[in-house]
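**Q** Kindly generate the corresponding structure for this input.
(3 chains)
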Amino acid sequence: MAAAPLFHLVDPYGIDRSLLDDLCALTTKVRLLAKSPDGARFLLGLLPDRRAMLYFVQPSTRTFLSFNNACHILGIRTSEIRDASTSSEVKGESFEDSIRTFSSYVDVIIMRTPEAGQAARAAALMNRIPRPVPIINAGSGRDHHPTQALLDIYTLERSFEDRGGIDGKVIGMMGDLRRGRTVRSLCHLMQNYRGVRLVFIAPPQFAMGDDVKAHLRAQGIPFVDDARLADVIGDLDALYVTRMQSEWDTAGETSQVNYADYSITPDNIGRLKSGAAIMHPLPRGPEIHPSCDDDPRAVYWRQERNGMWMRVAILLKIFQADRLVHEFDLDAVN
Amino acid sequence: MAAAPLFHLVDPYGIDRSLLDDLCALTTKVRLLAKSPDGARFLLGLLPDRRAMLYFVQPSTRTFLSFNNACHILGIRTSEIRDASTSSEVKGESFEDSIRTFSSYVDVIIMRTPEAGQAARAAALMNRIPRPVPIINAGSGRDHHPTQALLDIYTLERSFEDRGGIDGKVIGMMGDLRRGRTVRSLCHLMQNYRGVRLVFIAPPQFAMGDDVKAHLRAQGIPFVDDARLADVIGDLDALYVTRMQSEWDTAGETSQVNYADYSITPDNIGRLKSGAAIMHPLPRGPEIHPSCDDDPRAVYWRQERNGMWMRVAILLKIFQADRLVHEFDLDAVN
Amino acid sequence: MAAAPLFHLVDPYGIDRSLLDDLCALTTKVRLLAKSPDGARFLLGLLPDRRAMLYFVQPSTRTFLSFNNACHILGIRTSEIRDASTSSEVKGESFEDSIRTFSSYVDVIIMRTPEAGQAARAAALMNRIPRPVPIINAGSGRDHHPTQALLDIYTLERSFEDRGGIDGKVIGMMGDLRRGRTVRSLCHLMQNYRGVRLVFIAPPQFAMGDDVKAHLRAQGIPFVDDARLADVIGDLDALYVTRMQSEWDTAGETSQVNYADYSITPDNIGRLKSGAAIMHPLPRGPEIHPSCDDDPRAVYWRQERNGMWMRVAILLKIFQADRLVHEFDLDAVN
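**A** Residues are numbered from 1 along each chain as shown, chains lettered A, B, ... in the order given. Got it, this is the predicted structure:
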């Protein structure tokens, strides 16, 4: 179960079960530690001499705040570039030179960029310079958002902690499955769990991509494509709802969606199993009615906060401070 | 004199004399503590594991910096959203969902927004979710800016500390009284003091609003409306000068103002009492000539800095760390 | 060798050899301290109760990050204004009132502005108010950028540390010498060193300004004007390459430059002395080919990181914490 060290976190491909279990255990420990003043101060003393750069040139509130506060929980100082117009790129600097510049001043670069592949390019650059720093991908265009996938895994594990975790569960994914990178990454990570079955509920134009389905078949992960929510809602252990990403529309595809078929509302929420988990990466549109927020099955707000704790765990792992956390006696602070 | 706990600070209505006195005493203590390295480090150790969110989508330098540095004085880590275009609201997220998201990551939200009532909506949301955090209103459109009113009260109290405080004083308010929320809030808080008399000096189109005057009458606070500066200047214990807020003009109202009648200049400053306090919420326009800055009666720069100390006091009160400050022996560091 | 105290740092004129030597020694000490966890935590504990304002209304990534992280290394808390549109200047506030406001909340103002002379104006204001804070010029229009000149001096000294430092060296400067403030400032500081010779390599339209050349003549510093790279490359101990600053073009001056004559490439880099230092203030254009980065003579990335260490040294000096660093026993942490 001792997972290998983590340096860059660029995509979900290298993430195996031992790393997942390690990060989930670490996330829980951190979350519990932070509840007490002594635990919170212990965390704050772990990495006070480390400095992070948040390079977020694609608009993002949630992921930015989540990472920034994860850093702050560990005492890490943060610098941010959030507006490409304040960057040296306006003076014609190459992407690689900009990234190398950032790396000169800090110990880790957390980056969110509009173009696919940029985090991978940054990591490749780091691997060939004398003073590399870790690259954490906080969303690179439409391709990857691995920390979102990790917090989703943690939320599932936590939801099922009394029922054997993710292994053997039936997980529905609903909404814009074609263009939502969160569900795509999550599908990928499912190969680390045994006996999972997936159920896809999406408008035809936003059906899960063939590449993902081919991957699932190759991994032997059973899935139901093209399910209707009304038919399957009672069978699900978790339902991962996503937003229609109309910003990618080229011909008004979203306007043709009948939202009633892809939404959780006070009318159908009662048909979910009592222990089911309703998840959503947020921000949400009309696909989950706000009056559902108080239902005990609605875990999306907890999922959001889990993101911060998981990012703390990732930083601990990258800076090899995880051992200190694992060793810390929780009973000493409670 | 033990004031009730403070959670949200949204408007000036719930602020009573015991809270005012408590906050003023705390502000003075903090200000004196910060003068010595030991005192400064004591303050820095009070709330290092707390995190604040500064959500400032209305332009503001002064209030932003004042709050940000107040947080830093106490060791509080800060995250900021200052550009609505980097926010998830661009993805159509509701105001309530955005605020709840912010609250997921931090321990207090300090917000300045263009629309009236938004701080109140945020506080109402907090009151119905499982993990509420305090909301501090740092200016919500034209309605409220309670921390400005508190720093104004503190500046008055400090100016009169050898003369029995605010009770019994004559306080002039000059300039754009109709649209200036600071003077409106300050009038409201005057009901907490005994024997105060107010004198309003304003162009007719910017006279103090009838709602405020009705409130003063109901509270039995005497005021003179429509006074001329030249007639009353020698009677005032304090003169609160404000800027003509031309940004709210609908038909060039400001251009009709004869500034000479509503300004402090080297020509008339000498007619003020020797111990009078000239205040201004800043930024200023032509209504106070910069050459007046060196006059000992000009306390507006001190007032500005008082804002930071008062905001430290408010944060201490909200996080219930005020007792530690009250107990700290100042002599030990001087 | 005990240098005088430093308060404002606005231009390179008052910088003498004792200050240069002191800052360089301090920079090296800081750089070595930061390599060990104990040293890094010692630095972090030096100025935790100080607060800095970064007022950067001219786009800058490098200088901003360098200063921000220099502050963080010393535990200094930072606030930033990077977008003039979030400033009170939009409400018509004067530059002096804005600067005085910033000074109310912090212990040092680090500023980068588009107009020449603004840092000097800010320093002049500080010198006449009751609570002045130091002003550090991080670039004021085309006139001065003194911390860049200091980091350049440090990089030269470090490159020659086994060969007697800068004294007696031959230093080439290439590119846009007319409009590049870094080379202009560096020329000025050369009067502090003995036996230095300068070699200017520039397109005629971007030749070093007559004012700088007059100054060098007055100081008795020999220089070669209008040299060709191919003729002198083998004689240089350092070559300071600069970018053509096309953003200042009025009639497409840059488009007439034959870059081949003002560039370092794999073809000519081998002609430099084995111990020569290739410097560049970055960001770079085509004047240094990226494949040169791995050459041991290419020190521009190290130069960039030196900037952060030098800024730590400047802050230590301004806050008079330099003695503590000089006294710290490096052997205790290694």
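
**Q** Show me what the nearest residue to residue A:216 once chain neighbours are set aside is bridged to.
**A** What sits nearest to residue A:216 in space, not counting adjacent residues and going by C-beta to C-beta, 6 or more residues apart in numbering or on different chains, is residue A:223, at 5.4 Å. Just so you know, the C-beta spots here come from the backbone N, C-alpha and C atoms, and that holds for glycine as well. With DSSP bridges as the criterion, residue A:223 is bridged to residue A:198.

**Q** mind checking pLDDT for residue A:223?
**A** We have a pLDDT of 98 for residue A:223.

**Q** and stretch A:27-45, what's its mean pLDDT?
**A** In the prediction, stretch A:27-45 has an average pLDDT of 96.

**Q** Please apply the same query to stretch A:250-257.
**A** Averaged across stretch A:250-257, pLDDT comes to 91.

**Q** any bit of it sitting next to chain B?
**A** No: contact of stretch A:250-257 with chain B (C-beta under 8 Å from any C-beta of the partner chain) is absent, the minimum separation being 11.3 Å.

**Q** start to end distance for that stretch?
**A** In stretch A:250-257, first residue to last residue: 14 Å (C-alpha to C-alpha, to the nearest Å).

**Q** buried set for that stretch?
**A** By neighbour count with 16 or more other C-beta atoms under 10 Å in any protein chain shown, stretch A:250-257 contains the buried residues A:253, A:254, A:257.

**Q** try stretch A:100-107
**A** For stretch A:100-107, a neighbour-count test (16+ other C-beta under 10 Å) marks A:100, A:101, A:102, A:103, A:104, A:105, A:106, A:107 as buried.

**Q** Same list as before, these that is, but in CSV and with secondary structure included.
**A** Below are the buried residues of stretch A:100-107 laid out as CSV (DSSP: H, G, I helix; E, B strand; the rest coil):
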residue, secondary structure
A:100, helix
A:101, helix
A:102, helix
A:103, helix
A:104, helix
A:105, helix
A:106, coil
A:107, coil
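
**Q** From those residues, pick the one nearest residue C:299.
**A** Residue C:299 lies nearest to residue A:104 out of those, by C-beta to C-beta, at 12.6 Å.

**Q** give me every residue that touches that closest one.
**A** Going by C-beta atoms under 8 Å, 6 or more residues apart in numbering or on different chains, residue A:104 touches A:131, C:66, C:301, C:304, C:305, C:308.

**Q** Any quick ChimeraX command for the buried ones out of those?
**A** To isolate in ChimeraX the members of these that are buried, counting by 16+ other C-beta under 10 Å, one can use:
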select /C:66,301,304,305,308
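
**Q** Find out how far stretch A:177-194 is from the centre of the chain, if you would.
**A** 11 Å (C-alpha atoms, centre = their mean, to the nearest Å).

**Q** just stretch A:43-55 next, same as before
**A** 20 Å.

**Q** quick one: that stretch near chain B?
**A** Yes: judged by C-beta under 8 Å from any C-beta, stretch A:43-55 and chain B are in contact via A:43, A:44.

**Q** shouldn't residue A:126 be in contact with residue A:120?
**A** No: using C-beta atoms under 8 Å as the test, residue A:126 is too far from residue A:120 to be in contact (10.8 Å).

**Q** for the residue nearest to residue A:74 when sequence neighbours are not counted, phi and psi?
**A** Nearest non-adjacent residue to residue A:74, counting by C-beta to C-beta, 6+ apart: residue A:47, 4.4 Å away. Dihedral angles of residue A:47 (phi, psi; degrees, to the nearest 10) stand at phi -130, psi 40.

**Q** Helices along the stretch 101-250 of chain A, start to end?
**A** Using DSSP state H, counting those that start in this stretch, the helices of the stretch 101-250 of chain A run over A:118-126, A:146-159, A:181-189, A:210-219, A:229-232.

**Q** Let me have those helices in TSV, extended by distance to residue A:315, mean pLDDT and mean neighbour count.
**A** Below are the helices of the stretch 101-250 of chain A laid out as TSV (distance: least, C-beta to C-beta, whole Å; pLDDT from 0 to 100; neighbours: other C-beta atoms under 10 Å in any protein chain shown):
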stretch	distance to residue A:315	mean pLDDT	mean neighbour count
helix A:118-126	16	97	21
helix A:146-159	10	97	25
helix A:181-189	19	91	23
helix A:210-219	29	96	13
helix A:229-232	38	98	15
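
**Q** how about these, which one is nearest residue B:168?
**A** That would be, of the helices of the stretch 101-250 of chain A and by C-beta to C-beta, helix A:146-159, which comes in at 59.7 Å.
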